[in-house]
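> sequence unavailable; structure follows:
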């Protein structure tokens, strides 16, 4: 029932993650196990009134590494 806001995902370097195929700053990986931390927040959409209510959000993305 909520509207007027979107979810912004932030990468480990504090930059917004773009889901348009462009990359963010590279993160060096260590040999063995690595943990990649992301965070997210809601942001109002330009020119739209924010309507409070329940919402869900799903984002699929491809993580490439060398």
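Done, it's in. Treat the numbers as computed from the prediction; the structure is a model and nothing was measured. Residues are numbered from 1 along each chain as shown.

> contacts, neighbours, all on C-alpha from now
OK.

> and residue 40, how far from residue 9?
4 Å (CA to CA, to the nearest Å).

> with neighbour numbers in mind, choose between the two.
More crowded of residue 40 and residue 9, by other CA atoms under 10 Å: residue 9, with 17 against 12.

> mind checking the SS state of that one?
Secondary structure assignment for residue 9 (DSSP: H, G, I helix; E, B strand; the rest coil): strand.

> so who does the residue nearest to the spatial centre of the chain touch?
In the chain, the centroid-proximal residue (CA atoms, centre = their mean) is residue 9; its distance is 1.8 Å. For residue 9, the contact set (CA atoms under 8 Å, 6 or more residues apart in numbering) comprises 16, 17, 38, 39, 40, 41.

> now for those: which two are most distant?
17 and 41 (11.9 Å; CA to CA).

> which residues do the two both contact?
8, 9.

> looking at the two, which one has more neighbours?
residue 17 (19 against 10).

> isn't the more buried one up against residue 10?
Yes: if you go by CA atoms under 8 Å, residue 17 and residue 10 touch, sitting 5.5 Å apart.

> count of neighbours near residue 1?
Other residues near residue 1 come to 8 when the count uses other CA under 10 Å.

> nearest residue to it other than its sequence neighbours?
With sequence-adjacent residues excluded and distances taken as CA to CA, 6 or more residues apart in numbering, residue 1 is closest to residue 53, at 5.1 Å.

> again, but for residue 42
In space, residue 42 is closest to residue 7, 4.6 Å off (CA to CA, 6+ apart).

> list the residues that contact the one you found.
The contact partners of residue 7, by CA under 8 Å, 6+ apart, come to 40, 41, 42, 43, 57.

> so which of these are in helices?
Among the contacts of residue 7, no residue falls in helices (DSSP state H).
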